[in-house]
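Q: give the three-dimensional model of this entry:
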Amino acid sequence: MRWNGLVLASVLGLLLAACMPRQTIKYPLDDVTALQGSPFEKAILVVRPFQDHRKPLTNTCSEGTVAQITKDDKAFFYNCDNNYDSGVTTEISSMMAAHLRQSGLFKEVLVVDTVPAGADYLMTGNVSKFDGLKEQSTAAAVASQFGLLGALVNVANKNAYEGTTAFEEVKLIRLKDNTVVWSGDVIGHIEGTDIADAYGWSCYSKANLSLKEANGNLVSSLAKAGSEH
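A: Numbering: from 1, shown residues only. Model (predicted):
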């Protein structure tokens, strides 16, 4: 019964994929475990929205469709900026703050340009990569023309995906004395195979999951730095 439920969920996801023009940068936080005894547990962190230093894999984007690129002689769908609801780095910074809050690393996390009174730390940085890729499938595209039957066929078809998020020149600054407590680069990368996607919208979720990986790695780096100061 559980397997049947998973198949049904997959089929419904595939059928809905054709009508998903607007995308957001979000992911579930239920599995992000709160840290115990964080070195910053009494501190307020300000995240200044990260600067956009990305070099997109393509700028050929059309509203309401998924961009396509070629990589390693294979065709992939790509998460172009045109289908996001708002500014990409603004959404990335907001999701980063949400992840940091969930982790319990800091008492409070704010995303603002101007540091308010009472803040203890400031974090700045750049987004240098936010890419989601899903391999194109001719068979999936053909099967999608046959509605529910085609969706069932596609459940059995799998192909490649990958996602990469990179932050550069990240700095955690202690405001009382302007000491840089930690600085460095952070990357999150995922790759594998899953259900073929005729329309390519799943490339956006792959980018989001790579962001989750990057934010988890950022939490680990900050926690380690805090324990050493």
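Q: longest helix of the chain?
A: Using DSSP state H, we find that the single longest helix of the chain is helix 202-227.
Q: in this structure, which spans are strands?
A: 44-47, 51-52, 67-71, 74-78, 108-111, 121-135, 158-174, 179-195 (DSSP state E).
Q: please work out the average pLDDT along stretch 91-104.
A: Stretch 91-104 comes out with an average pLDDT of 98.
Q: correct me, but residue 109 touches residue 94?
A: No: if you go by C-beta atoms under 8 Å, residue 109 and residue 94 don't touch, sitting 10.2 Å apart. For glycine as for every other residue, the C-beta is placed from the backbone atoms N, C-alpha and C.
Q: so for those two, which sits in the more crowded spot?
A: residue 109 (22 against 17; other C-beta atoms under 10 Å).
Q: is that one in a bridge, and if so with what?
A: With DSSP bridges applied, residue 109 shows beta-bridge pairing to residue 45.
Q: residue 134 too?
A: residue 77, residue 161.
Q: contacts only, for it.
A: Residues counted as contacts of residue 134 (C-beta atoms under 8 Å, 6 or more residues apart in numbering) are 76-77, 159-161, 197, 200, 202-203, 206.
Q: could you measure from it over to residue 64?
A: Between residue 134 and residue 64 the distance, using C-beta to C-beta, to the nearest Å, works out to 17 Å.
Q: and what of residue 206?
A: Taking C-beta to C-beta, one finds residue 206 at 19 Å from residue 64.
Q: more neighbours: which of those two?
A: Taking neighbours as other C-beta under 10 Å, residue 206 and residue 64 compare with residue 206 leading, 24 against 10.
Q: confidence score at that one?
A: 98.
Q: next: the one 5 residues further on.
A: Looking at residue 211, its pLDDT is 98.
Q: which residue comes closest to it once chain neighbours are left out?
A: Nearest residue to residue 211, sequence neighbours excluded (C-beta to C-beta, 6 or more residues apart in numbering): residue 165, at 4.5 Å.
Q: is that neighbour in a bridge, and if so with what?
A: residue 130, residue 188.
Q: what's the burial count for it?
A: 29.
Q: so what's it up against?
A: Going by C-beta under 8 Å, 6+ apart, the list of residues near residue 165 reads 92, 127, 129-131, 187-189, 207, 210-211, 213-214.
Q: kindly reformat the residues you listed as TSV containing neighbour count.
A: Converted to TSV, the contacts of residue 165 look like this (neighbours: other C-beta atoms under 10 Å):
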residue	neighbour count
92	23
127	22
129	21
130	26
131	22
187	16
188	22
189	15
207	29
210	26
211	27
213	18
214	26
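Q: who's the nearest residue to residue 173 once chain neighbours are set aside bridged to?
A: With C-beta to C-beta, 6+ apart as the criterion, residue 173 has its nearest non-adjacent residue at 4.6 Å, and that residue is residue 122. With DSSP bridges applied, residue 122 shows beta-bridge pairing to residue 46, residue 173.
Q: wait, residue 122 sits on residue 114?
A: No: the criterion here is C-beta under 8 Å, and residue 122 misses it with residue 114 at 10.6 Å.
Q: between these two, which one's more packed in?
A: residue 122 (17 against 6).
Q: distance-wise, check that one relative to residue 47.
A: From residue 122 to residue 47 the distance is 8 Å (C-beta to C-beta).
Q: then residue 63?
A: In terms of C-beta to C-beta, residue 63 sits 30 Å off from residue 47.
Q: got a list of what residue 100 touches?
A: Contacts of residue 100 (C-beta under 8 Å, 6+ apart): 45, 47, 106, 109, 215, 218-219.
Q: all good on my end, thank you.
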